[in-house]
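>>> how does the following fold in three dimensions:
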Amino acid sequence: MGAYRDDSPEVVVHLGDGSGAPRAVDPADPGTDATDPAPGYPFLLLTRTETEYIQARLLDDGTYELEHVDGADHRQLFTTDALLVRDIVWSWIQRDSWWRDTVAWTTVDPAIAELDALRAELSDMLDGISIMDSVTDELDRALARADELLGADLDFGDEPFGSA
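Residues are numbered from 1 along each chain as shown. Sure thing, here's the model as predicted:
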């Protein structure tokens, strides 16, 4: 095999890292975090092109959601069988038709797919707005402290303001 390395692999692997955005990983050198890349957002995304990919996500209830997109063809599958997920992904990588011919996929309605994409986009935008929560919390604390200081009985002596 030698030291040959293909800088443009046919399949690019993306792993969830908890940020919600995929991170490309070199399968030959995945790094130390590759063993458990995303305990908070576990997913695996394999892409050949922008319009051809397969994705596996572990949902909170222990079910795996698999999605396959090839151009306009968008299919989905839910299973609790981790070995089936592994076999489907490996078959897809190998370009073996088993994953397509044998497994019972559900075609995703394009309108549903568009709504899901819109939901994901809005979620990303709202996540960016959540930083404002901490800013408004700090502002609330500062205003409460100002109210405390302004409401305190301050002793300015017997002289009214402005008199000398």
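
>>> for Ser91, give me its contacts.
Contact partners of Ser91, counting by C-beta atoms under 8 Å, 6 or more residues apart in numbering, are 97-99. Placement of C-beta: from N, CA and C, glycine included.

>>> I'd like those as a markdown table, with pLDDT appended.
Listed next are the contacts of Ser91 as a markdown table, based on pLDDT from 0 to 100:
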| residue | pLDDT |
| --- | --- |
| Ser97 | 90 |
| Trp98 | 91 |
| Trp99 | 90 |
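
>>> with respect to Ile54, which of these is nearest?
Nearest to Ile54 out of the contacts of Ser91 is Trp99 (C-beta to C-beta; 8.2 Å).

>>> let me see the ranges of the helices in this structure.
82-93, 98-101, 110-129, 131-151 (DSSP state H).

>>> lowest average confidence across the ones you listed, which one?
Per-stretch mean pLDDT for the helices of the chain is lowest at helix 110-129 (a mean of 72).

>>> give the buried residues for that one.
Ala113 (16 or more other C-beta atoms under 10 Å).

>>> of the contacts of Ser91, which is the most crowded?
Within the contacts of Ser91, Trp99 tops the neighbour count with 22 neighbours, counted by other C-beta atoms under 10 Å.

>>> looking at the helices of the chain, which is closest to His74?
Nearest of the helices of the chain (C-beta to C-beta): helix 110-129, 5.2 Å.

>>> which other helices and strands does that closest one contact?
Contacts defined by 3 or more C-beta pairs under 8 Å, 6 or more residues apart in numbering; DSSP states H and E place helix 110-129 against no helix or strand at all.

>>> picking up where we left off before, in TSV, list the contacts of Ser91 along with distance to Leu83.
Formatted as TSV, the contacts of Ser91 follow (distance: C-beta to C-beta, whole Å):
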residue	distance to Leu83
Ser97	19
Trp98	14
Trp99	13
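
>>> coming back round to it: so can I have a markdown table of the helices of the chain showing distance to Glu10?
What follows is the helices of the chain, written out as a markdown table (distance: least, C-beta to C-beta, whole Å):
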| stretch | distance to Glu10 |
| --- | --- |
| helix 82-93 | 9 |
| helix 98-101 | 16 |
| helix 110-129 | 25 |
| helix 131-151 | 39 |
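
>>> if we can go back for a sec, of the contacts of Ser91, closest to Arg86?
Out of these, the member with the shortest distance to Arg86 (by C-beta to C-beta) is Trp99, at 10.9 Å.

>>> right, I'll call it a day here.
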